[in-house]
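Undergrad: for reference, the sequence and a predicted model appear below.
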Amino acid sequence: MERIYLDNAATTPLDKEVMAEMLNVMSNYYGNPSSIHAQGREVRTLIEKARKTVSGLLNATPAEVFFTSGGTEADNTAIRCGIAAFNIKHAITTKIEHHAVEHTLESLLKQGVIDKLSFVDIDEKGNVDYNHLEELLKNNERSFVSLMHANNELGTLTDIEKVGDLCETYNAIYHCDTVQTMGHYVHDVRKLKAHFIVCAAHKLHGPKGVGFLFVNHNVKISPMIFGGAQERNMRGGTENVYGIVGLAKALEIAYAEMEQHQNHIQELKSYMKDKLLAEIPGIAFNGETDPDKSLYTVLNVSFPEMDMADMLLFNLDINGVSASGGSACSSGSNIGSHVLTGIHADPNRPSVRFSFSKYNTKAELDFVVEKVKEIVDKNITV
C-alpha cells in the first residue's frame, strides 16, 4: 500500500533538487569553514553564498541572517537574547503560540528575567485582537512581542505588518515565528518591521536540523551559544554546511515556484474541505478557512463526537494516511492540544490536522475522504 502523506506542517519531503545540491557538497567539499587553507575557504564560500541567497530573497542584508539548527533555536535566541539586550521586563504573546515560544517565555518569567507575561485576547478561530494588543502595549513598559505569522495547528494568519506597525508606534521589540510561512509567502523584512523572524528548512522541502534567524540591523544581541567565532561571533559551533546549502536551495525554489504552489495547494485544501462537508454530517473546522485569513497548507478538521475518538489518527494511519491532531484539554490533568484549548474548542470532538504540499494530488484526497468517512460511520455516536 502506498501511503498518503498529509502532515506537511510537521515536516515536508526533501526536494530532489535540494538533495542533489547537498550531495554535491557532501561528496566534494569537506574542509572546515573556519580553516584558512584552500579547502576551508571553499566551504566558507558555500556558506556565504547561501547567506547571500537567503538575504536577497528576504530583502535583507547578509549580515542580518544567522544560520541555526532550526526554528526552535532561532525562536529561543530571538526571545532570550532580545529580551536580555534591552533589559525588557514585560512580554506579550498568545496562549496558542508554538511551545518554542510559549515555554521559553514562561521559563523567563519563572526565572525572574521578565516580571510580567501578558496574553493577547484571541477569538474562537485564533485571530488576534489587535485592539487588546494595543492596550497591552500602551499600558505597560517597553514590551517584547512574540506573535506567530500562521498558527501551526489552525492555519489562522496574523496580520504581521499591522503588528509591526503597532510595535513601532510603542517602541516594542517584535519577534515573529514565521516557521510555517517561510517559503510559502513573500517576506520583505524592510516592510515587515519585525526585529526577528525565523525559518526551519524542513518546513519547505529542505533538510531537517537547519534554519536561520533574521536579526534586524537596528538590533544588537549577544550570542546564546558560545564556543567559537562562527556566524559573525553570533553562534559558536562548526556550521552545518550541507544543511545550510540545502536550506538556501529550498528557499530559492520556493520563491521561484511560489505562485504556482499557492494555487495548487489552495485548490487541494478547498477541494478537501468541500468533500468533507458533503460526505460527513456534523463536520466543522478549527481556525480560519478563508484563503485570505488562513495558511493554504493547513486544514484542521473537527469531527463529530464518536466512539474511540482517540483512535481516529491510529485508524487513519493503518489505512495508509499520515496526519496529526488531537483534542482540546478537558482538564488541567489531561494532555491535549493547548492550541485547541486556547480557542475553547469542544474537547469531546476529535480533531485532525491535514496539511498539504506541492506533491499532493486530488486523487489522494479522494482516497483520504473515503477512508475518513468509513472510520466515522463505524464510530459515530450522535
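TA: Sure, I can see it.
Undergrad: packing partners for the lowest-mean-pLDDT helix or strand in the chain?
TA: When the helices and strands of the chain are scored by mean pLDDT, DSSP states H and E, strand 324-326 comes last with a mean of 85. Using 3 or more C-beta pairs under 8 Å, 6 or more residues apart in numbering; DSSP states H and E, the elements in contact with strand 324-326 are helix 312-318, strand 351-355. (Glycine included, C-beta is placed from N, CA and C.)
Undergrad: got the contact list for the last one?
TA: Around strand 351-355, the neighbours that count as contacts under C-beta atoms under 8 Å, 6 or more residues apart in numbering are 6-10, 153, 272, 286, 297-303, 312-313, 316, 323-327, 337, 340, 345, 368.
Undergrad: which of those are buried, as a PyMOL select command?
TA: Selecting only the buried entries of the contacts of strand 351-355 in PyMOL, with 16 or more other C-beta atoms under 10 Å as the criterion:
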select buried, resi 6+7+8+9+153+272+286+297+298+299+300+301+302+303+312+313+316+323+324+325+326+327+337+340+345+368
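Undergrad: among the contacts of strand 351-355, name the ones in strands.
TA: N286, V298, L299, N300, V301, S302, S324, G325, G326 (DSSP state E).
Undergrad: isn't the last one up against G336?
TA: Yes - the pair G326 / G336 is scored as a contact, 5.3 Å apart, by C-beta atoms under 8 Å.
Undergrad: what residue spans form the domains of this structure?
TA: Split into domains by automatic domain parsing, the chain comes to 4-12+257-379, 16-256.
Undergrad: mind listing the strands for the stretch 1-150 of the chain?
TA: Assigned by DSSP state E, counting those that start in this stretch, the strands in the stretch 1-150 of the chain fall at 4-5, 65-68, 90-93, 116-119, 143-146.
Undergrad: who wins for proximity to I380 among those strands?
TA: The minimum distance between I380 and the strands of the stretch 1-150 of the chain falls on strand 4-5, with 22.8 Å, by C-beta to C-beta.
Undergrad: the closest one - contacts with which helices or strands?
TA: strand 321-322, helix 362-379.
Undergrad: same list (those) but as JSON lines, adding distance to I114 and mean pLDDT.
TA: Formatted as JSON lines, these follow (distance: least, C-beta to C-beta, whole Å; pLDDT from 0 to 100):
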{"stretch": "strand 321-322", "distance to I114": "39", "mean pLDDT": "97"}
{"stretch": "helix 362-379", "distance to I114": "44", "mean pLDDT": "94"}
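Undergrad: of those, flag the one that's most buried.
TA: Comparing the helices and strands packed on strand 4-5 by mean neighbour count (mean count of other C-beta atoms under 10 Å), strand 321-322 ranks first with a mean of 19.
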